[in-house]
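K.L.:
For reference, the sequence and a predicted model appear below.
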Amino acid sequence: MPPDGVSAYYSEDMTMEEVQLVSDMMKEVGIEPWNTRIWRRSGRGENGEIPEYDLRIASAKCLPTRTYYFENKCTIHVVFGDFKDDLKEVVMHLKNALPYADTDEQREIVTCFIDYLETGSIESHKRSQVLWLNQKEPSIDVNIGFVETYRDPHGSRAEFEGYVATINKAASKQFLALTERADKLLALLPWPKEFHGEKFQCPDFTCFEIVVYANGTIPTGINLPNYEDVREAHGSKNICLSNVLNSEDYRTQTSFLLDEDVQILKRTKGEVFLIHLACHELLGHGSGKLFTKSKEGEYNFPHGKIRHPFTGEPVINCYGPGDTWNSVFENISSAFEECRAECVGLFFSTLPEALETFGHTGQYAEDLMYLNWLIMVRAGFLAIEFYSEDKGHWRQAHMQARFAILRTLLSASERDAEEVLAKGTRESAQGSEFLKIEHRRNRSAVIRLNRKKIRSVGLPAIRELLMKLQVYRSTADAEKGREFFTELTTIPRNLMEWRRIVLANKRARPICVQVHTRLIEDNDGESHVIMEEFPATPLGIIESHVARFKNWAFEC
């Protein structure tokens, strides 16, 4: 946003103050921002001039414009038909797919998708997500919509995505024990019981083999839906994208690690990543509660009867009607929540009962715990690349989240070293350090993590961080949450040399090239589906797109 940049969610000269003004007015009339964009029509609010804005709703149909007048503030025209040409084609294909649905439930899901994309109705999309959550072991899974808000500078408007996947039932079974024990494990998290959900919705954990994922980036795991009211009432679904996870050889990601740690990493065969992914998605994003007040004035928590863990005062602050997690915490919401989920993954890796759920005990389980923490520290170190030094902000939510964890662990290590010195023990401060990033020649570095101190030094620090993240999140305390998180993730000058080291050792990012399926007819006139694969190279990307879109007409 000006003066720092532009965003396709807003007209090029929009300011963040204007975005906030329109967002506040949207909340008043009950319009959620997921599938919207904002364009200034006229006026800037200067010299008594009342500005006018177009609130563009993504929809295939150009429904009648609705206009709202907010006295002495602004006028908002709700304009339908944003991306109408693209969405018309999506709707056409969904209608063509309806006859092939296996069940009435699948047909209703697709029907909800169609209404959502034709009219922009968020309620239709929420209905589709409830039905999607209640599906019983489908062989093929489909979801579509404006889902993730990472790219919006305001943190509330979502990016369009959709996927088609087959279910890896064999791989999904290994997570069954985790879902069955999830309620007992979640009770071990460090926040008070009132900050847990009142009714635990036993989550689903499914392994997908992605056929196609239309998105700006392809994750290794997802937790859906993102509508907090749907999650509160119906739970969520946790998904591991097996073929995406397996396509990346994590054992080659060894920069800044000691040789002995590299050897341990090679022996785990990616198991550590699978465990962290499961705990991150199922127990991380699937945990905690948002305190809310409904339009009827009803609270979903004992209003004024819970004591604030930090102040001891009664908890009265909460999310009001029309508020969402993203709308309240805005541009830090994604990084804040990802940090919380990453911390939950670290937390459970230290608990033998959690690792036993995956069938791991003894020294191998201890190695998995150690690697989980080591890889997170390394991820936080590499994340510095995504920090804009000149503007002082982060370009990627997951990276900001991981750096927050690194800063927390480094601070814990420093405090521990000071305590060791103060006690005057024989153990030297150097040898007792929990975590150290050691500079080496030729602009390199190595990470040293003392595995013996993970539970005694690292775990208390993560518990404290988790407590703050959850309490601020539950109580809608965006002011204190933003202040805390911004300070934690602002890179001090003495650490900026790390960024230069990371950039000097930067490696090419892995390329994920998707397959393409198409129908062919044999000599007998019967149709068969064939799958085309492409090499993971820049040329492979071009070939994949040409195969996928060769029948499309582009207007230049």
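P.N.:
Received, thanks.

K.L.:
can you pull the pLDDT of the residue nearest to residue 349 when sequence neighbours are not counted?
P.N.:
What sits nearest to residue 349 in space, not counting adjacent residues and going by Cβ to Cβ, 6 or more residues apart in numbering, is residue 372, at 4.1 Å. (C-beta placed from N, C-alpha, C; glycine too.) pLDDT for residue 372: 96.

K.L.:
Tell me how far residue 372 lies from residue 258.
P.N.:
In this view, residue 372 and residue 258 are 16 Å apart by Cβ to Cβ, to the nearest Å.

K.L.:
more neighbours, the two?
P.N.:
residue 372 (22 against 15; other Cβ atoms under 10 Å).

K.L.:
Pretty sure that one sits against residue 274.
P.N.:
No. Using Cβ atoms under 8 Å, residue 372 is not in contact with residue 274, being 10.8 Å away.

K.L.:
re earlier: buried set for the strand or helix carrying the residue nearest to residue 349?
P.N.:
Under the criterion of DSSP states H and E, residue 372 resides in helix 362-382. Buried positions in helix 362-382, judged by neighbour count with 16 or more other Cβ atoms under 10 Å: 365-382.

K.L.:
again with stretch 216-224
P.N.:
The neighbour-count check on stretch 216-224 (16+ other Cβ under 10 Å) flags 218-224 as buried.

K.L.:
center of the chain - which residue?
P.N.:
Compute the mean C-alpha point of the chain, and by Cα atoms, centre = their mean the closest residue is residue 338, 5.6 Å away.

K.L.:
tell me the mean pLDDT over the helix or strand containing that residue?
P.N.:
Per DSSP H and E: residue 338 is located in helix 333-349. Across helix 333-349, the average pLDDT comes to 97.

K.L.:
Which strands or helices does it pack on?
P.N.:
For helix 333-349, the elements it packs on are helix 271-278, helix 325-329, helix 362-382, helix 397-423, helix 459-474, helix 478-489, judged by 3 or more Cβ pairs under 8 Å, 6 or more residues apart in numbering; DSSP states H and E.

K.L.:
Reformat these as a markdown table; add distance to residue 63.
P.N.:
What follows is the helices and strands packed on helix 333-349, written out as a markdown table (distance: least, Cβ to Cβ, whole Å):
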| stretch | distance to residue 63 |
| --- | --- |
| helix 271-278 | 41 |
| helix 325-329 | 24 |
| helix 362-382 | 45 |
| helix 397-423 | 33 |
| helix 459-474 | 35 |
| helix 478-489 | 33 |
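
K.L.:
could you list every residue that touches residue 409?
P.N.:
By Cβ atoms under 8 Å, 6 or more residues apart in numbering, residue 409 lies in contact with 377, 380, 434-435, 458, 461-462.

K.L.:
Also residue 471?
P.N.:
191, 195, 308-310, 477.

K.L.:
Buried ones among these?
P.N.:
191, 195, 309, 477.

K.L.:
Leaving out sequence neighbours, find the closest residue to the third one.
P.N.:
With sequence-adjacent residues excluded and distances taken as Cβ to Cβ, 6+ apart, residue 309 is closest to residue 471, at 5.5 Å.

K.L.:
per-residue confidence at that neighbour?
P.N.:
Residue 471 is assigned 98 on the pLDDT scale.

K.L.:
Partner strands of the helix or strand in which residue 206 is found, with direction?
P.N.:
Using DSSP H and E, the element containing residue 206 is strand 204-214. Paired neighbours of strand 204-214 in the sheet (DSSP bridges): strand 159-167 (antiparallel), strand 237-241 (parallel).

K.L.:
Next secondary structure after it?
P.N.:
strand 221-224.

K.L.:
Which other helices and strands does that next one contact?
P.N.:
Contacts defined by 3+ Cβ pairs under 8 Å, 6+ apart place strand 221-224 against strand 237-241.

K.L.:
mind redoing it with 10 Å?
P.N.:
helix 122-133, strand 140-148, strand 204-214, helix 228-234, strand 237-241, helix 242-247, helix 271-278, helix 333-349 (3 or more Cβ pairs under 10 Å, 6 or more residues apart in numbering; DSSP states H and E).

K.L.:
Just give the number of residues close to residue 8.
P.N.:
Neighbours of residue 8 (other Cβ under 10 Å): 11.

K.L.:
Residue 77 too?
P.N.:
Neighbours around residue 77, by other Cβ under 10 Å: 15.

K.L.:
what kind of secondary structure is it in?
P.N.:
Here residue 77 is strand, with the state taken from DSSP: H, G, I helix; E, B strand; the rest coil.

K.L.:
Ok, residue 33 next?
P.N.:
Residue 33 ends up coil, using three-state DSSP.

K.L.:
and the residue nearest to it when sequence neighbours are not counted, what does it touch?
P.N.:
Excluding the flanking residues, the one nearest residue 33 by Cβ to Cβ, 6+ apart is residue 156, at 4.5 Å. Residue 156 makes contacts with 9, 19, 23, 26, 32-34, 36, 149, 324-331, 333, as judged by Cβ atoms under 10 Å, 6 or more residues apart in numbering.

K.L.:
With residue 28 instead?
P.N.:
Residue 28 sits next to 68, 70, 76, 321-322 when contact means Cβ under 10 Å, 6+ apart.

K.L.:
okay if I get those residues as a markdown table plus distance to residue 240 and secondary structure?
P.N.:
Below are the contacts of residue 28 laid out as a markdown table (distance: Cβ to Cβ, whole Å; DSSP: H, G, I helix; E, B strand; the rest coil):
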| residue | distance to residue 240 | secondary structure |
| --- | --- | --- |
| 68 | 43 | strand |
| 70 | 45 | strand |
| 76 | 41 | strand |
| 321 | 35 | coil |
| 322 | 34 | coil |
